[in-house]
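> one predicted model, sequence on top.
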Amino acid sequence: MFRKFAKSILTLGFIASATLTAFAGGHSNNISEFRICILGGENQSDRLRSNECVRKYTEDLLGVPTKIFAPADYNGCIEGLLGGNVDMSWLGASAYAKVYLSDPDAIQPVLVKINTDGSYGYYSVGFARQDSGITSLEDMKGKEFAFGDPNSTSGYLIPSIEIPKAGYSMEPGEYFGDVVFSGGHEQTIVGVYNGDFDAGVTWADGLGAWEDGYNSGALRKASDAGLVDMTEMVEIWKSNVIPEGPIVLRKSLPEDVKIQMTGMMASLASMDQECAYGFMAGEVKGIAPITHDAYEGIIGARKAKIGN
């Protein structure tokens, strides 16, 4: 499933180049604005700053005012997409499943982040402070375990399925002293680092060095921002590989707008590596096409666990 995407990247790169050339100098007249929603998990000001380059590229390409929204939680983007008030977002797989289960015709997955090794998977990673004495889930009996957002794939859905399968109940008080939601990935990471929680889970591509927060993911963003020193943290659990969430577009957008935005986002890593680094939360090889079929497993898991 998580095969190499070099051929797809080259193919889409050609399409993107042709698309951008075809539309150069010609703006769409079918929309009056374009709205991008950035999932919660990082403080709002950092999310706006990291994605300003995408906003500017979009505005230049489409020739209409482009706005970025950075709501406090995942539900803000989910409801915006369902209500037709958001045109593009990079969703986690579980958030995509939530939108699809609520309205299959609301959005269309078009692209996915490709890791530096050519894969498009990532992991839910459990972690604790190195000086806590916690090195695995076996050390977490009676301890407080923090999760991010109920609509997060790595921050809740996957660990809520895989951790009980490993023999550790997720019901508060049964094995862990408490199971809490921090509100987002950054809040979980900083909370564990500051000693507010005994351990937490977040997401990472699992590539590169732990001391850097891996190559991409929430740990890398927190490390880059100077919020944590990764040498003072230790990994205590890792999930099976998870399919990376898709970049989605509102399905009812005009076709020319969808073509232009798909082409632009597919070209982002080659066009502006720094911008791609900020948008995709770390190092990437590229951005390649993806379809709904890649998320059928996550949709089934969410429906079984949460219901919608």
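Great, that's in hand.
> mean confidence score for stretch 92-111?
Along stretch 92-111, the predicted confidence averages to a pLDDT of 97.
> next, count neighbours for Ile306.
By the other Cβ atoms under 10 Å criterion, the neighbourhood of Ile306 contains 16 residues. The C-beta positions use only the backbone N, C-alpha and C, and glycine is treated the same way.
> what about it, distance to Ile298?
Distance check for Ile306 against Ile298: by Cβ to Cβ, to the nearest Å, it reads 11 Å.
> common neighbours of the two, please.
With contacts defined as Cβ atoms under 8 Å, 6 or more residues apart in numbering, the residues adjacent to both Ile306 and Ile298 are Leu157.
> find the centremost residue of this structure, please.
Nearest to the mean C-alpha position of the chain, counting by Cα atoms, centre = their mean, stands Gly92 at 4.5 Å.
> tell me the helix or strand right after the least confident helix or strand in the chain by mean pLDDT.
Confidence across the helices and strands of the chain bottoms out at helix 6-23, with a mean of 42, counting by mean pLDDT, DSSP states H and E. The element immediately downstream of helix 6-23 (helix or strand, assigned by DSSP states H and E) is strand 34-38.
> now that following strand: how far from the chain's centre is it?
For strand 34-38, the distance from its own C-alpha centre to the chain's C-alpha centre is 15 Å (Cα atoms, centre = their mean, to the nearest Å).
> now do stretch 103-119
Centroid separation between stretch 103-119 and its chain, computed with Cα atoms, centre = their mean, is 10 Å.
> report the buried residues of it.
The neighbour-count criterion (16 or more other Cβ atoms under 10 Å) identifies 106-115, 118-119 as the buried residues of stretch 103-119.
> swap in stretch 70-83?
Taking 16+ other Cβ under 10 Å as the basis for neighbour counts, the residues of stretch 70-83 that come out buried are 70-71, 73-82.
> show me the shaky parts of the stretch 201-308 of the chain.
Segments of the stretch 201-308 of the chain classed as low confidence (criterion: pLDDT under 70) are not present in this model.
> now the strands for it?
Remark: strands of the stretch 201-308 of the chain, listed N- to C-terminal, are 233-238, 242-243, 246-250, 286-289; assignment by DSSP state E, counting those that start in this stretch.
> buried stuff in the longest one?
I take that to be strand 233-238. Of the residues in strand 233-238, those buried by neighbour count under the rule 16+ other Cβ under 10 Å are 233-237.
> can you pull the phi/psi pair for the closest residue to Pro164 other than its chain neighbours?
The shortest distance from Pro164 to any non-neighbouring residue, by Cβ to Cβ, 6 or more residues apart in numbering, is to Met170 (5.5 Å). Main-chain dihedrals, Met170, degrees, to the nearest 10: phi -90, psi 0.
> distance of Met170 from Ile163?
Counting by Cβ to Cβ, the separation of Met170 from Ile163 is 6 Å.
> now swap in Thr188 and tell me
Summarising the geometry, the distance separating Thr188 from Ile163, computed by Cβ to Cβ, is 15 Å.
> higher neighbour count, the two?
Using other Cβ under 10 Å as the criterion, Thr188 and Ile163 rank with Thr188 on top: 30 against 23.
> elements contacting the helix or strand containing that one?
If you go by DSSP H and E, Thr188 is part of helix 185-193. When contacts are defined as 3 or more Cβ pairs under 8 Å, 6 or more residues apart in numbering; DSSP states H and E, helix 185-193 sits against strand 121-129, strand 144-147, strand 199-204, helix 218-224.
> and the angle for that helix with strand 233-238?
Angle, helix 185-193 to strand 233-238, by axes from the mean of the first three to the mean of the last three Cα atoms, to 10 degrees: 120 degrees.
> deepest of the helices and strands packed on helix 185-193, which one?
Mean neighbour count (mean count of other Cβ atoms under 10 Å) peaks for strand 199-204 among the helices and strands packed on helix 185-193, with a mean of 28.
> if we look at it, which residues are touching it?
Contacting residues not belonging to strand 199-204 are listed as 122-128, 132, 134, 140, 143-148, 152-155, 159, 182, 185, 188-189, 191-192, 213-214, 216-220, 236-237, 242 [Cβ under 8 Å, 6+ apart].
> how is this structure divided into domains?
6-116+245-305, 121-242 (automatic domain parsing).
> burial measure for Ile299, as a count.
As a burial measure, Ile299 scores 17 neighbours (other Cβ under 10 Å).
> can you show me the CA trace of stretch 53-69 as CSV?
The C-alpha trace of stretch 53-69 is given here as CSV (Å, rounded to 0.1, in the frame of the first residue of the first chain):
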residue,chain,number,x,y,z
CYS,A,53,3.4,31.4,1.4
VAL,A,54,0.6,29.0,0.2
ARG,A,55,-2.0,31.8,0.7
LYS,A,56,0.1,34.2,-1.5
TYR,A,57,0.8,31.6,-4.2
THR,A,58,-2.9,30.8,-4.4
GLU,A,59,-4.0,34.4,-4.5
ASP,A,60,-1.5,35.1,-7.3
LEU,A,61,-2.6,32.0,-9.3
LEU,A,62,-6.4,32.5,-9.0
GLY,A,63,-6.5,36.3,-8.9
VAL,A,64,-9.0,36.4,-6.0
PRO,A,65,-8.6,37.3,-2.3
THR,A,66,-7.4,34.2,-0.4
LYS,A,67,-7.9,33.7,3.3
ILE,A,68,-6.4,31.3,5.7
PHE,A,69,-8.4,30.0,8.7
